[in-house]
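Novice: Fold the stuff below for me.
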Amino acid sequence: MTDTATATELSRSRTLWELITRRAALTPDTTVLIEAAEDPTADRTLTFGELRDRSERVAAGLYDMGVRPGTVVAWQLPTRIETVLLSVALARIGAVQTPVIPFYRDREVGFALREAKADFLAIPGVWRGHDYPAMARRLGARGVFDAYASLPDGDPAVLPPPPASGTDVRWIYWTSGTTSDPKGVLHTDRSLIAGGSCLAHALHLTPSDVGSMAFPYAHIAGPDYTVMLLLYGFPAVLFEKFAMPDALDGYRRHGVTVAGGSTAFYSMFLTEQRKAPDVPLIPTLRLLAGGGAPKPPEIYHAVVRELGCQLTHGYGMTEVPMITMGAPDDTTENLATTEGRPPEGMSIRITTPDGTPLPADTDGEVRLRGEAVCQGYLGRERSAEVFDHDGYLITGDLGHLTPDGYLVLTGRSKDVIIRKGENISAKEIEDLLHRLPGVADVAVIGLPDQIRGERVCAVIEQPEGAAPLTLPQLTAYLRTEGLATHKLPEQLELLTPLPRNEALRKVLKYKLRERYA
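Specialist: Predicted structure coming up:
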């Protein structure tokens, strides 16, 4: 079979463990994970066969500790080989695992442990100066063990048969909880495999590619990316700590061909390339790919022009790990201005607030239905709020479908600024400002205003050494770009750096609203 045919067949696996065993049988000696250390001599690797065999021994050790099918195990671990082994081991048992981003602290971790009713918690000991055992004691966590001191180990003969159903809830991921408590998002093996399959098939990958994970493995992108590796049988370089320019050596020495993460990652690569414009930043790189945050068209053009590689961007969220994805052979216009197309099995409906479907090229609410969509949230009342009567997930995003099926996002419902009764898209202004010299990144927000209802505020992060922008300069530029007068920012704030989350480096607009309100 061709690589694509093999990947398509593997994507029909019922469970993650089935997918792992099938890939290991096909290419047992092929490397799947490369852990990039600061000292190149300390790099570690793992093959598909070792992933299967070692994770099954870890599963046996967990079973000896009392972990059974359905047992809830929380883990708060950085991006290391041990993290992947533990997660796969839990999938082998059929436990319910709830990954927690390693940068979260007492409030978020305590909430996740209580809500999920976790029986066990895996931690990394002391990592990057934070004492995880001490935090676990403060929180009264149960079944705490240090997964980095020593992974559990045992005889696989003690294990029950692997789980047969891929539609049982075995994953609880957590939303960021920006203005309220996080929500526990319920996933199945099949929803994660479906999401990863969308990503893998869109990118036209081959076994000769080398990918990279520069984001926390505890993010929903972790299994998304792992499924992609399993389908096409190629490795990824893991970065426990991602910082530029230090991480570049790992990309170069392992010949990474596919990199990315989110718009912030694209910008970091561009910043480094501009330090030596005539020297390829990563000579083997052919594709940047990511999602999780809006992509201004100028970022796409800059990547292609300056990094000399293609950029494909997609649309995903914790509730639906992959919704649409651009493909390398899409047109320049579609790659620059859309989020790509949905895969087979993903239905996108654009509606009015009451759920009435809208035609192509008409902005409305984005609603989703398909196998990659989560099963809801912990607590039925929360799930009832986000699914409409046809079973479509109400995303809170706004956008439209083009006549040929590409999705264009125009913002979040809360990112629509209502000024004197007129709706203003923050994203429209942001896309224009990304083309203005002296702007490294920008967030446009609405702030309370007694006269206007809301006023438009642009918060700009400038590159090092740039002359401070002024509001008159900003508005003069936007006028020349044809922006309507009522959409012009009335307030400018310069802030470096913009506040971002620790996963995909998304700008946290709620913090900006709190700061400048």
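
Novice: Please, where are all the strands along the stretch 201-350 of the chain?
Specialist: Counting by DSSP state E, counting those that start in this stretch, one finds strands in the stretch 201-350 of the chain at the ranges 211-213, 236-238, 258-261, 287-290, 310-317, 320-325, 346-351.

Novice: Go through those strands and pick out the most buried.
Specialist: Neighbour counts (mean count of other CB atoms under 10 Å) averaged over each of these peak at strand 320-325, with a mean of 28. Just so you know, the C-beta spots here come from the backbone N, C-alpha and C atoms, and that holds for glycine as well.

Novice: Contacts for that strand, please.
Specialist: 187, 191-192, 195-196, 198-199, 202-203, 220-221, 223-224, 289, 291, 312-317, 339-343, 346, 348, 368, 370, 372-374, 393, 395, 406-407 (CB atoms under 8 Å, 6 or more residues apart in numbering).

Novice: For residue 417, see how far away the nearest residue to residue 34 once chain neighbours are set aside is.
Specialist: Spatial nearest neighbour of residue 34, chain neighbours left out: residue 237 (4.7 Å); criterion: CB to CB, 6 or more residues apart in numbering. As for residue 237, its distance to residue 417 is 41 Å (criterion: CB to CB, to the nearest Å).

Novice: Equivalent analysis for residue 491, please.
Specialist: 12 Å.

Novice: Same question for residue 368.
Specialist: To residue 417, residue 368 is 25 Å away according to CB to CB.

Novice: try residue 297
Specialist: Counting by CB to CB, the gap from residue 297 to residue 417 is 21 Å.

Novice: between the two, who's got more neighbours?
Specialist: Set residue 297 next to residue 417 and count neighbours by other CB atoms under 10 Å: residue 417 wins out with 24 against 17.

Novice: Restricting to C-alpha, output whichever strand or helix holds the more buried one in PDB.
Specialist: Element membership for residue 417, per DSSP states H and E: strand 416-419. Extracted as PDB, the C-alpha positions of strand 416-419 are listed here (Å, rounded to 0.1, in the frame of the first residue of the first chain):
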ATOM      1  CA  VAL A 416     -16.800  41.800  18.400                       C
ATOM      2  CA  ILE A 417     -16.600  45.400  19.600                       C
ATOM      3  CA  ILE A 418     -19.900  47.200  19.700                       C
ATOM      4  CA  ARG A 419     -19.300  50.900  19.300                       C
END
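
Novice: where in the stretch 301-450 of the chain is pLDDT low?
Specialist: Low-confidence segments of the stretch 301-450 of the chain (pLDDT under 70): 380-382.

Novice: What is the longest helix seen in the chain packed up against?
Specialist: Using DSSP state H, we find that the single longest helix of the chain is helix 48-65. If contacts are counted by 3 or more CB pairs under 8 Å, 6 or more residues apart in numbering; DSSP states H and E, helix 48-65 sits against helix 16-26, strand 31-35, helix 81-93.

Novice: So residue 511 versus residue 459, what's the distance?
Specialist: As judged by CB to CB, residue 511 and residue 459 stand 10 Å apart.

Novice: Please work out the average pLDDT along stretch 502-511.
Specialist: Summarised as a single mean, pLDDT over stretch 502-511 is 81.

Novice: To clarify, my last question referred to stretch 455-463.
Specialist: On average, stretch 455-463 scores 95.

Novice: for stretch 190-210, same thing?
Specialist: Per-residue scores along stretch 190-210 average to 94.

Novice: Any buried residues in it, and which?
Specialist: 190-205, 209-210 (16 or more other CB atoms under 10 Å).

Novice: Now intersect those residues with the helices, please.
Specialist: 190-202.

Novice: will you turn those into JSON lines that also has distance to residue 479?
Specialist: Formatted as JSON lines, those follow (distance: CB to CB, whole Å):
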{"residue": "190", "distance to residue 479": "51"}
{"residue": "191", "distance to residue 479": "47"}
{"residue": "192", "distance to residue 479": "47"}
{"residue": "193", "distance to residue 479": "50"}
{"residue": "194", "distance to residue 479": "46"}
{"residue": "195", "distance to residue 479": "42"}
{"residue": "196", "distance to residue 479": "45"}
{"residue": "197", "distance to residue 479": "46"}
{"residue": "198", "distance to residue 479": "41"}
{"residue": "199", "distance to residue 479": "40"}
{"residue": "200", "distance to residue 479": "45"}
{"residue": "201", "distance to residue 479": "44"}
{"residue": "202", "distance to residue 479": "38"}
